[in-house]
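A.B. asks: Turn this into a structure:
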Amino acid sequence: MVFGHPDKFYRILEPKEYENEVNIGNVVLGIETAEHLLNWKKFQAHLECCVKSHENISVYERAELAGAERLHGDTEHRFKLNFNLEMKNGTVHHSTVHSDYVVNSTWHEIEKINGSAGFSQNLISRTNRLKVLLHVRLPDSMLNFHSMFFCIGAFCMFSNLGDGTALVSYAPVTNINMSTEVSVSTDTLRLLTEGPSEKESICLSDGIRRGAATFIPEIEKAEVLGLNFGIVQTLGTVNLHDVNSPFHKRAYFGVRSESAGWISNPCMKLLYLLENGDIVKTLWRNSLKKIVTCEIRSGWLPYTVI
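C.D. replies: Model prediction:
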(Lines give C-alpha, C1' and ligand atoms only; values in the text may rest on other atoms or scores of the structure.)
Protein backbone atom coordinates (compact mmCIF):
# COMPACT_ATOMS: atom_id res chain seq x y z
CA MET A 1 0.00 0.00 0.00
CA VAL A 2 1.60 3.23 -1.16
CA PHE A 3 -0.22 5.46 1.34
CA GLY A 4 -0.60 3.00 4.21
CA HIS A 5 -3.83 1.52 5.52
CA PRO A 6 -7.01 3.21 4.16
CA ASP A 7 -8.22 3.94 7.68
CA LYS A 8 -5.13 6.07 8.23
CA PHE A 9 -5.11 7.83 4.86
CA TYR A 10 -6.38 11.07 6.38
CA ARG A 11 -7.21 12.71 9.66
CA ILE A 12 -9.06 15.88 10.65
CA LEU A 13 -6.71 18.47 12.11
CA GLU A 14 -7.30 20.66 15.12
CA PRO A 15 -7.03 24.39 14.25
CA LYS A 16 -4.12 24.73 16.70
CA GLU A 17 -2.11 22.35 14.48
CA TYR A 18 -2.04 24.76 11.53
CA GLU A 19 -2.94 28.18 12.95
CA ASN A 20 0.72 29.30 12.93
CA GLU A 21 1.18 28.47 9.24
CA VAL A 22 -2.00 29.67 7.56
CA ASN A 23 -4.52 32.48 7.76
CA ILE A 24 -7.00 30.72 10.00
CA GLY A 25 -9.78 33.04 8.82
CA ASN A 26 -9.62 31.53 5.34
CA VAL A 27 -9.82 27.90 6.49
CA VAL A 28 -13.03 26.11 7.42
CA LEU A 29 -11.48 22.68 7.95
CA GLY A 30 -7.94 21.26 7.89
CA ILE A 31 -7.28 17.69 6.71
CA GLU A 32 -3.93 15.87 6.75
CA THR A 33 -3.46 13.11 4.16
CA ALA A 34 -0.80 10.42 3.68
CA GLU A 35 -0.05 11.60 0.13
CA HIS A 36 3.53 12.32 -0.93
CA LEU A 37 4.92 14.63 -3.58
CA LEU A 38 6.53 13.03 -6.61
CA ASN A 39 9.85 14.50 -7.72
CA TRP A 40 8.77 15.13 -11.31
CA LYS A 41 12.21 16.27 -12.49
CA LYS A 42 13.83 13.01 -11.38
CA PHE A 43 10.89 11.02 -12.69
CA GLN A 44 11.16 12.73 -16.07
CA ALA A 45 14.91 12.11 -16.19
CA HIS A 46 14.36 8.43 -15.35
CA LEU A 47 11.75 8.01 -18.10
CA GLU A 48 13.94 9.79 -20.64
CA CYS A 49 16.87 7.52 -19.74
CA CYS A 50 14.71 4.39 -20.14
CA VAL A 51 13.34 5.51 -23.49
CA LYS A 52 16.64 6.69 -24.96
CA SER A 53 18.48 3.54 -23.92
CA HIS A 54 15.84 1.16 -25.35
CA GLU A 55 17.18 -0.67 -28.38
CA ASN A 56 13.86 -0.53 -30.25
CA ILE A 57 13.16 3.19 -29.71
CA SER A 58 14.63 6.14 -31.62
CA VAL A 59 14.21 9.59 -30.10
CA TYR A 60 14.26 12.75 -32.21
CA GLU A 61 14.63 15.86 -30.06
CA ARG A 62 13.99 19.45 -31.15
CA ALA A 63 11.63 18.03 -33.76
CA GLU A 64 8.43 19.94 -34.46
CA LEU A 65 5.60 17.89 -35.94
CA ALA A 66 4.34 20.24 -38.65
CA GLY A 67 1.52 18.02 -39.86
CA ALA A 68 0.31 14.54 -40.74
CA GLU A 69 -1.44 12.98 -43.71
CA ARG A 70 -3.46 9.82 -44.34
CA LEU A 71 -2.15 8.00 -47.39
CA HIS A 72 -5.30 6.49 -48.87
CA GLY A 73 -3.66 5.29 -52.09
CA ASP A 74 -0.39 4.06 -50.57
CA THR A 75 -0.09 0.27 -50.43
CA GLU A 76 2.89 0.34 -48.05
CA HIS A 77 2.03 2.92 -45.38
CA ARG A 78 -1.07 4.53 -43.90
CA PHE A 79 0.38 7.82 -42.67
CA LYS A 80 3.01 10.42 -43.47
CA LEU A 81 4.40 12.67 -40.71
CA ASN A 82 6.14 15.93 -41.61
CA PHE A 83 8.78 17.20 -39.19
CA ASN A 84 10.88 20.36 -38.84
CA LEU A 85 14.18 19.31 -37.23
CA GLU A 86 16.31 22.03 -35.63
CA MET A 87 19.97 21.22 -36.22
CA LYS A 88 22.86 22.07 -33.86
CA ASN A 89 23.92 24.98 -36.08
CA GLY A 90 20.44 26.50 -35.83
CA THR A 91 19.24 25.56 -39.31
CA VAL A 92 15.96 23.73 -39.81
CA HIS A 93 15.83 20.48 -41.76
CA HIS A 94 12.53 19.19 -43.14
CA SER A 95 12.04 15.47 -42.71
CA THR A 96 9.30 12.97 -43.50
CA VAL A 97 8.47 9.73 -41.72
CA HIS A 98 6.09 7.10 -43.10
CA SER A 99 4.32 4.79 -40.70
CA ASP A 100 1.48 2.31 -40.34
CA TYR A 101 0.92 3.05 -36.66
CA VAL A 102 0.83 6.37 -34.81
CA VAL A 103 0.09 7.21 -31.17
CA ASN A 104 -0.68 10.92 -31.01
CA SER A 105 0.40 12.27 -27.61
CA THR A 106 0.99 15.87 -28.68
CA TRP A 107 -1.02 17.27 -25.75
CA HIS A 108 -2.47 20.71 -26.54
CA GLU A 109 -1.86 20.18 -30.27
CA ILE A 110 -3.57 16.79 -30.33
CA GLU A 111 -6.73 17.85 -32.17
CA LYS A 112 -4.76 20.04 -34.59
CA ILE A 113 -2.64 17.03 -35.60
CA ASN A 114 -5.70 14.77 -35.73
CA GLY A 115 -7.36 17.26 -38.06
CA SER A 116 -4.35 17.46 -40.38
CA ALA A 117 -4.33 13.64 -40.54
CA GLY A 118 -7.91 13.65 -41.81
CA PHE A 119 -9.80 12.95 -38.59
CA SER A 120 -11.56 16.31 -38.38
CA GLN A 121 -14.92 14.57 -38.13
CA ASN A 122 -13.75 13.04 -34.83
CA LEU A 123 -12.61 16.26 -33.14
CA ILE A 124 -14.08 16.77 -29.69
CA SER A 125 -14.38 19.85 -27.52
CA ARG A 126 -11.37 20.40 -25.29
CA THR A 127 -10.31 23.30 -23.09
CA ASN A 128 -6.60 24.13 -23.04
CA ARG A 129 -5.92 26.08 -19.84
CA LEU A 130 -2.59 27.93 -19.63
CA LYS A 131 -1.25 27.89 -16.07
CA VAL A 132 1.84 29.30 -14.40
CA LEU A 133 3.47 28.18 -11.15
CA LEU A 134 5.78 30.38 -9.11
CA HIS A 135 9.09 28.80 -8.03
CA VAL A 136 10.42 30.38 -4.83
CA ARG A 137 13.21 30.00 -2.31
CA LEU A 138 11.65 29.63 1.12
CA PRO A 139 12.54 31.74 4.14
CA ASP A 140 13.90 29.77 7.11
CA SER A 141 10.53 30.09 8.84
CA MET A 142 8.89 27.98 6.09
CA LEU A 143 11.46 25.24 5.49
CA ASN A 144 9.42 22.66 7.39
CA PHE A 145 5.97 23.78 6.27
CA HIS A 146 3.79 20.98 4.94
CA SER A 147 2.62 21.11 1.34
CA MET A 148 -0.91 22.52 1.22
CA PHE A 149 -3.84 22.64 -1.17
CA PHE A 150 -6.68 25.05 -0.44
CA CYS A 151 -9.87 23.74 -2.00
CA ILE A 152 -12.52 23.40 -3.35
CA GLY A 153 -12.40 26.49 -5.52
CA ALA A 154 -10.10 28.93 -7.24
CA PHE A 155 -7.73 29.32 -4.31
CA CYS A 156 -4.09 28.42 -3.59
CA MET A 157 -1.51 25.60 -3.70
CA PHE A 158 1.86 25.27 -1.97
CA SER A 159 4.26 22.38 -2.69
CA ASN A 160 7.35 22.19 -0.48
CA LEU A 161 9.95 20.50 -2.70
CA GLY A 162 12.18 19.59 0.24
CA ASP A 163 15.26 21.40 -1.08
CA GLY A 164 14.53 24.81 0.39
CA THR A 165 12.30 25.78 -2.53
CA ALA A 166 8.61 25.47 -3.32
CA LEU A 167 6.09 25.79 -6.13
CA VAL A 168 3.17 28.12 -5.45
CA SER A 169 -0.06 28.89 -7.24
CA TYR A 170 -2.84 31.41 -6.72
CA ALA A 171 -5.70 30.45 -9.01
CA PRO A 172 -6.92 33.93 -10.07
CA VAL A 173 -3.39 34.71 -11.36
CA THR A 174 -2.10 31.20 -12.10
CA ASN A 175 -4.86 30.50 -14.64
CA ILE A 176 -3.76 32.89 -17.39
CA ASN A 177 -6.20 31.98 -20.15
CA MET A 178 -8.47 29.25 -21.49
CA SER A 179 -9.37 28.30 -25.04
CA THR A 180 -11.48 25.67 -26.80
CA GLU A 181 -9.83 26.40 -30.16
CA VAL A 182 -8.06 23.56 -31.99
CA SER A 183 -4.74 25.47 -31.83
CA VAL A 184 -3.41 27.50 -28.93
CA SER A 185 -2.94 31.24 -29.45
CA THR A 186 0.38 32.74 -30.52
CA ASP A 187 0.62 34.47 -27.14
CA THR A 188 0.13 31.17 -25.30
CA LEU A 189 2.75 29.51 -27.50
CA ARG A 190 5.17 32.38 -26.78
CA LEU A 191 4.83 31.95 -23.02
CA LEU A 192 5.28 28.17 -23.31
CA THR A 193 8.34 28.29 -25.56
CA GLU A 194 10.04 31.64 -24.92
CA GLY A 195 8.76 32.64 -21.49
CA PRO A 196 7.39 35.99 -20.30
CA SER A 197 8.76 39.48 -20.73
CA GLU A 198 10.36 41.13 -17.70
CA LYS A 199 7.20 43.14 -17.08
CA GLU A 200 4.99 40.06 -17.33
CA SER A 201 7.32 38.11 -15.05
CA ILE A 202 7.16 40.76 -12.32
CA CYS A 203 3.38 41.09 -12.63
CA LEU A 204 2.73 37.35 -12.45
CA SER A 205 5.27 36.70 -9.67
CA ASP A 206 3.98 39.52 -7.47
CA GLY A 207 0.36 38.56 -8.14
CA ILE A 208 0.86 34.92 -7.16
CA ARG A 209 2.96 35.72 -4.10
CA ARG A 210 0.57 38.36 -2.77
CA GLY A 211 -2.46 36.18 -3.46
CA ALA A 212 -0.93 33.12 -1.81
CA ALA A 213 0.02 35.26 1.19
CA THR A 214 -3.68 35.75 1.96
CA PHE A 215 -3.64 32.02 2.82
CA ILE A 216 0.00 31.53 3.91
CA PRO A 217 1.28 34.93 5.20
CA GLU A 218 4.96 33.91 5.41
CA ILE A 219 5.11 33.30 1.66
CA GLU A 220 5.57 37.04 1.10
CA LYS A 221 9.11 36.63 2.49
CA ALA A 222 9.99 34.05 -0.18
CA GLU A 223 12.51 34.87 -2.92
CA VAL A 224 11.27 34.55 -6.49
CA LEU A 225 13.31 32.06 -8.55
CA GLY A 226 11.23 31.76 -11.70
CA LEU A 227 7.97 30.86 -13.41
CA ASN A 228 6.90 27.50 -14.86
CA PHE A 229 4.27 27.51 -17.64
CA GLY A 230 2.17 24.57 -18.79
CA ILE A 231 -1.14 23.49 -20.28
CA VAL A 232 -3.87 21.62 -18.41
CA GLN A 233 -6.31 19.94 -20.77
CA THR A 234 -9.96 19.17 -20.00
CA LEU A 235 -12.70 17.64 -22.09
CA GLY A 236 -15.54 20.11 -22.63
CA THR A 237 -15.61 23.57 -21.06
CA VAL A 238 -14.19 24.85 -17.77
CA ASN A 239 -15.67 27.12 -15.11
CA LEU A 240 -13.09 27.79 -12.40
CA HIS A 241 -15.69 29.09 -9.97
CA ASP A 242 -18.22 26.25 -10.32
CA VAL A 243 -17.59 23.44 -7.80
CA ASN A 244 -19.57 21.10 -10.07
CA SER A 245 -17.43 21.79 -13.14
CA PRO A 246 -15.94 18.46 -14.34
CA PHE A 247 -12.45 19.97 -14.62
CA HIS A 248 -12.06 19.59 -10.84
CA LYS A 249 -11.97 15.80 -11.28
CA ARG A 250 -10.83 14.91 -14.81
CA ALA A 251 -11.67 11.32 -13.88
CA TYR A 252 -11.26 9.94 -17.40
CA PHE A 253 -8.34 8.71 -19.49
CA GLY A 254 -9.32 10.26 -22.84
CA VAL A 255 -7.63 7.57 -24.99
CA ARG A 256 -9.43 6.71 -28.20
CA SER A 257 -8.83 4.99 -31.52
CA GLU A 258 -9.42 7.31 -34.48
CA SER A 259 -8.95 4.61 -37.13
CA ALA A 260 -6.86 1.54 -37.85
CA GLY A 261 -3.33 2.43 -36.79
CA TRP A 262 -4.03 5.88 -35.26
CA ILE A 263 -4.59 6.32 -31.51
CA SER A 264 -5.08 9.58 -29.60
CA ASN A 265 -3.44 9.54 -26.16
CA PRO A 266 -3.97 12.87 -24.35
CA CYS A 267 -3.22 11.54 -20.80
CA MET A 268 -5.50 13.91 -18.87
CA LYS A 269 -3.36 13.64 -15.71
CA LEU A 270 0.27 12.59 -15.45
CA LEU A 271 -0.51 9.96 -12.83
CA TYR A 272 -2.83 8.27 -15.35
CA LEU A 273 0.14 7.39 -17.56
CA LEU A 274 0.25 3.69 -16.63
CA GLU A 275 -3.46 3.19 -17.26
CA ASN A 276 -3.17 5.18 -20.48
CA GLY A 277 -0.32 2.95 -21.61
CA ASP A 278 -2.38 -0.18 -20.95
CA ILE A 279 -5.34 1.22 -22.89
CA VAL A 280 -3.11 2.20 -25.84
CA LYS A 281 -1.56 -1.28 -25.83
CA THR A 282 -5.01 -2.94 -25.82
CA LEU A 283 -6.30 -0.73 -28.64
CA TRP A 284 -3.15 -1.36 -30.65
CA ARG A 285 -3.36 -5.15 -30.24
CA ASN A 286 -7.05 -5.15 -31.15
CA SER A 287 -6.24 -3.08 -34.22
CA LEU A 288 -3.46 -5.49 -35.20
CA LYS A 289 -5.76 -8.50 -34.92
CA LYS A 290 -8.36 -6.94 -37.20
CA ILE A 291 -5.81 -5.72 -39.74
CA VAL A 292 -3.85 -8.99 -39.82
CA THR A 293 -7.05 -10.98 -40.45
CA CYS A 294 -7.94 -8.67 -43.33
CA GLU A 295 -4.48 -8.63 -44.86
CA ILE A 296 -3.88 -12.38 -44.58
CA ARG A 297 -7.05 -12.94 -46.58
CA SER A 298 -5.78 -10.56 -49.24
CA GLY A 299 -2.43 -12.35 -49.33
CA TRP A 300 -0.40 -9.39 -48.00
CA LEU A 301 1.31 -9.47 -44.59
CA PRO A 302 3.95 -6.67 -44.29
CA TYR A 303 5.02 -7.55 -40.75
CA THR A 304 5.22 -10.38 -38.25
CA VAL A 305 2.88 -10.42 -35.29
CA ILE A 306 4.25 -12.16 -32.19
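
A.B. asks: Show residues contacting stretch 95-102.
C.D. replies: For stretch 95-102, the external contacting residues (Cβ atoms under 8 Å, 6 or more residues apart in numbering) are 63, 68, 71, 74, 76-85, 117, 261-263, 284, 287, 302-303. No exception for glycine: its C-beta is placed from N, CA and C like everyone else's.

A.B. asks: Select from these every entry located in strands.
C.D. replies: Applying DSSP state E to the contacts of stretch 95-102, the entries found in strands are 63, 68, 79-85, 262-263.

A.B. asks: From the contacts of stretch 95-102, list the buried ones, please.
C.D. replies: Neighbour-count burial (16 or more other Cβ atoms under 10 Å) applied to the contacts of stretch 95-102 gives 68, 78-81, 83, 117, 261-263, 287.

A.B. asks: quick revisit: turn the ones in strands among the contacts of stretch 95-102 into CSV, columns for distance to residue 4.
C.D. replies: CSV is the format used below for those (distance: Cβ to Cβ, whole Å):
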residue, distance to residue 4
63, 43
68, 46
79, 47
80, 51
81, 46
82, 50
83, 47
84, 49
85, 48
262, 42
263, 36
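
A.B. asks: ok, so of these, who is nearest residue 36?
C.D. replies: Distance ranking of the ones in strands among the contacts of stretch 95-102 against residue 36, using Cβ to Cβ, places residue 263 first at 31.6 Å.

A.B. asks: Return the member of the ones in strands among the contacts of stretch 95-102 nearest to residue 26.
C.D. replies: Nearest to residue 26 among the ones in strands among the contacts of stretch 95-102: residue 263, at 44.3 Å, using Cβ to Cβ.

A.B. asks: Contact partners for that closest one?
C.D. replies: Contacts of residue 263 (Cβ under 8 Å, 6+ apart): 102-104, 255-257, 280, 283-284, 287.

A.B. asks: re the thing from before, which of the ones in strands among the contacts of stretch 95-102 scores worst on pLDDT?
C.D. replies: Lowest pLDDT of the ones in strands among the contacts of stretch 95-102: residue 63, 87.

A.B. asks: Next, the contact list for that residue, please.
C.D. replies: Counting by Cβ under 8 Å, 6+ apart, residue 63 has contacts 83-86, 95.

A.B. asks: Specify which member of these is nearest to residue 229.
C.D. replies: When the contacts of residue 63 are compared for distance to residue 229 (Cβ to Cβ), residue 86 comes out closest, at 20.2 Å.

A.B. asks: out of everything not next to it in sequence, what's closest to that closest one?
C.D. replies: Excluding the flanking residues, the one nearest residue 86 by Cβ to Cβ, 6 or more residues apart in numbering is residue 62, at 4.2 Å.

A.B. asks: how many neighbours does the one you found have?
C.D. replies: Residue 62: 10 surrounding residues under other Cβ atoms under 10 Å.

A.B. asks: Could you check how far residue 51 is from residue 108?
C.D. replies: Going from residue 51 to residue 108 by Cβ to Cβ, to the nearest Å gives 21 Å.

A.B. asks: Residue 205 belongs to a helix, doesn't it?
C.D. replies: Yes. Assessed by DSSP: H, G, I helix; E, B strand; the rest coil, residue 205 belongs to a helix.

A.B. asks: so it touches residue 225, yeah?
C.D. replies: No. Contact status for residue 205 versus residue 225: not in contact, 9.4 Å apart, counting by Cβ atoms under 8 Å.

A.B. asks: between these two, who's got more neighbours?
C.D. replies: A count of neighbours by other Cβ under 10 Å puts residue 205 above the other of residue 205 and residue 225, at 21 against 14.

A.B. asks: The nearest residue to that one once chain neighbours are set aside in helix, strand or coil?
C.D. replies: Distance criterion Cβ to Cβ, 6+ apart; nearest residue to residue 205, sequence neighbours excluded, is residue 224 at 4.7 Å. Here residue 224 is recorded as strand under three-state DSSP.

A.B. asks: Residue 224: what's it in contact with?
C.D. replies: Neighbours of residue 224 in contact, by Cβ under 8 Å, 6+ apart: 134-136, 205, 209.

A.B. asks: any idea which of the buried ones among the contacts of stretch 95-102 is the one closest to residue 29?
C.D. replies: Nearest to residue 29 among the buried ones among the contacts of stretch 95-102 is residue 263, at 42.4 Å by Cβ to Cβ.
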